[in-house]
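> okay, predicted coordinates and the sequence, questions at the end:
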2 protein chains.
Amino acid sequence: MRKAGREFTIRDVARSAEVAVGTVSRVLNDHPSVTRDVRERVQRAITSLGYERNAVAQSMRSARTHMIACAIRDFDIPGYVSYVKEAERIFRAADYTFLLASTANDKAVELSLLRKFAQRRVDGVMMTISDESDPELIAAVEQAKMPLVLIDREMIQSVDRVAADHRSGARQATDYLLSLGHRRIALFVGDPHAHPSRSRIEGYGDAFRAAGLEPDPAMIRDHSLSNEFTFRETSALMQRPDPPTAIFVAGIDMLAGAMRALKAAGLAIGRDVSVVSGGDSDLAELSTPAITALQWDRAQMGRHAAQMLLDRVTGRTTEPPRCVRVPVSLVVRESCRPPQ
Amino acid sequence: MRKAGREFTIRDVARSAEVAVGTVSRVLNDHPSVTRDVRERVQRAITSLGYERNAVAQSMRSARTHMIACAIRDFDIPGYVSYVKEAERIFRAADYTFLLASTANDKAVELSLLRKFAQRRVDGVMMTISDESDPELIAAVEQAKMPLVLIDREMIQSVDRVAADHRSGARQATDYLLSLGHRRIALFVGDPHAHPSRSRIEGYGDAFRAAGLEPDPAMIRDHSLSNEFTFRETSALMQRPDPPTAIFVAGIDMLAGAMRALKAAGLAIGRDVSVVSGGDSDLAELSTPAITALQWDRAQMGRHAAQMLLDRVTGRTTEPPRCVRVPVSLVVRESCRPPQ
């Protein structure tokens, strides 16, 4: 008997449809194990009780939305695609909808997205943040109402993180160029307020210092990750009286900009200037000459992040947060020679 | 005076915070025009009334979520990135959160996403669908509870659509190869149940018939858009006793697979086999030789779709649904020569 004025609950729906409460929950969450027959029965019960599916779902105190949000700085970063696809594969297999958002590497967008995700009751979040030392961002990450994994970030130790070992990668690339005899090695990275760029600058410096040299700050461009920026700055650097003899395009989505600038200047990669790409891609692999590049297992990174997040979302782990670090290695191809 | 048992509404919050109802709404929707001061005042009112932000938002009958969902078949399609970025730019400027999902080109995922989007009350949807002639998909699209724009699809006329003119593009590419003297022209496309592949097969046939020829079905591969598939099938085709003298890799994300296969077989693009890419990319532009490719303004496509959707979401238009078609043109580079 239903008391007047009392709201319908998932129990009323279950009773009316003659199924278990868990079954109604599975229908509301679009669980694939529910047969079409049962799904329709539950839908009819919801309709006959005069309730929107929505309202019923919201009446469930513990309702999970089975949605995971992933926020990265842009949709077109070659390095993130394998990551994102593998993470999505894992969440889809576990019956979660995976939604991707772009932060534009902008703090205000990052904060706003975190609020949105909480409002819409996303079950878990994986994201990058533009500045790992910003107090407001740190607070928002630490106070997030849902489990959160940081992507390619290291510093905020109160949440799970997965990061590539960019310091070691940059060290290997710079060691290699130094060993060929290069000294004027241009370095392109993004904003040093986040782990990847900061670590690459460190690794680049490590290599110089290990060789008893000091890196020349005039050769470092750490302002932007855009191809337009890389195009412009490569063109400018190559017009100097003492142009670099090698370019380490460390940001993973900057190679095309550098290649366009060298092509426009009539400079041949390998012969006139050596190039190392900070991330591997079809472009690096299939170019002539093929471009020497840093590689790490991006799918593995996505797998680690998705598994860590899933373990938190499902409550399978309550262990302290951890950081998984993925190794980076140098694939030597044909784009580097000793300076002339 | 609040009656016992009555739920708090947005009016109660507005009164308590001494702001207009619209201001509370803007705070709940994270509108950027709200000052920090006002935001905090409204937050305090919500807290002091003992209500979660969430619950208040849900009490608004007409609450918009200010979320737009975009579902495409995969996250790593070079052709969709400019599209997606431009659409996102327009929605962000209009204060909407833009979320991207992947359908895996799978009907079940497409149907499930449409249900999820309705449940989570997304304000509008733009998406691709795997099969424009499938009754269940057609019904789901037509009965969607929110405005919906189809991306690069044409057939379902009850909703807004934006599509590239792939038929004309394929005709131009095939005309060009025929004019160089090629007759055995391999064609790689995806599933003909959707507009792009169907139209490309039509355009390819149009060109042959206009030249008084019949296309050879043995030269057409219309099964999958993956690079692995293209790699395998290119390798197989080139081992035939009568291999193709030209390859039209019409799917926009298949070029790398074909290039890998030709490289592995020791065949030089241009000299041994001519290649046209169905979509332009960094890889096509920066390869040696640079690859002749079809081009269309993807950003324009994203702009049209976003504007059409925004007009529906905001109620600015109630015009009948329409289809915007974007022209496709051939950019001739260095990858095609007469057959030897």
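Cool, the structure landed. Numbering: from 1, shown residues only, chains lettered A, B, ... in the order given.
> give me the domain ranges for chain A.
Per automatic domain parsing, the domain ranges recorded for chain A read A:10-59, A:67-164+A:298-326, A:166-296.
> show me where chain A has strands.
Assigned by DSSP state E, chain A shows strands spanning A:67-72, A:97-102, A:124-127, A:148-151, A:160-164, A:185-188, A:220-221, A:246-249, A:274-277, A:292-295, A:323-326, A:329-331.
> most packed of those?
Ranked by mean neighbour count, these are led by strand A:246-249 with a mean of 30 (mean count of other Cβ atoms under 10 Å in any protein chain shown). In this view, the C-beta of every residue, glycine as well, is placed from N, C-alpha and C.
> mean confidence score for that strand?
Summarised as a single mean, pLDDT over strand A:246-249 is 98.
> do stretch A:165-179 as well
On average, stretch A:165-179 scores 98.
> residues in contact with it?
A:185, A:187, A:195-196, A:199-204, A:206-208, A:210-211, A:213, A:246, A:248, A:250, A:274, A:276, A:278, A:292, A:294, A:296, A:325-330, A:332, A:336 (Cβ atoms under 8 Å, 6 or more residues apart in numbering or on different chains).
> contact residues of the stretch 151-300 of chain A facing chain B?
A:256, A:259, A:260, A:263, A:282, A:283, A:286, A:287, A:288 (Cβ under 8 Å from any Cβ of the partner chain).
> if any of those are buried, put those into a PyMOL selection.
In PyMOL syntax, the buried subset of these is picked out as below (16 or more other Cβ atoms under 10 Å in any protein chain shown):
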select buried, chain A and resi 256+259+260+282+283+286+287
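> out of the residues of the stretch 151-300 of chain A next to chain B, which are inside helices?
Members of these lying in helices (criterion: DSSP state H): A:256, A:259, A:260, A:263, A:282, A:283, A:286.
> gap between the first one and residue B:251?
Separation of residue A:256 from residue B:251 (Cβ to Cβ, to the nearest Å): 21 Å.
> do the same with the second one
Spatial separation of residue A:259 from residue B:251 under the definition Cβ to Cβ is 24 Å.
> how about the last one?
Counting by Cβ to Cβ, the separation of residue A:286 from residue B:251 is 17 Å.
> before we move on, what about the fifth one?
Using Cβ to Cβ, one obtains 14 Å as the distance from residue A:282 to residue B:251.
> which residue packs closest to residue A:210, ignoring adjacent ones?
Distance criterion Cβ to Cβ, 6 or more residues apart in numbering or on different chains; nearest residue to residue A:210, sequence neighbours excluded, is residue A:175 at 7.4 Å.
> report how many residues lie close to the one you found.
18 (other Cβ atoms under 10 Å in any protein chain shown).
> ok, residue A:11 next?
Neighbours of residue A:11 (other Cβ under 10 Å): 11.
> cool, residue A:179 as well?
Residues near residue A:179, counting by other Cβ under 10 Å, number 12.
> in the stretch 51-200 of chain A, where is pLDDT below threshold?
For the stretch 51-200 of chain A, the stretches flagged by pLDDT under 70 are A:51-63, A:78.
> switch the cut-off to 90
The model of the stretch 51-200 of chain A has pLDDT under 90 over residues A:51-65, A:73-82, A:104-105, A:118-121, A:145, A:155, A:190-194.
> residue ranges of the helices in it, please?
A:53-59, A:78-93, A:107-119, A:135-142, A:166-179, A:195-210 (DSSP state H, counting those that start in this stretch).
> which of the domains of chain A sits closest to residue B:340?
domain A:166-296 (21.0 Å; Cβ to Cβ).
> how about the strands of chain A in CSV, adding distance to residue B:65?
Below are the strands of chain A laid out as CSV (distance: least, Cβ to Cβ, whole Å):
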stretch, distance to residue B:65
strand A:67-72, 13
strand A:97-102, 13
strand A:124-127, 17
strand A:148-151, 21
strand A:160-164, 28
strand A:185-188, 39
strand A:220-221, 40
strand A:246-249, 40
strand A:274-277, 40
strand A:292-295, 40
strand A:323-326, 34
strand A:329-331, 44
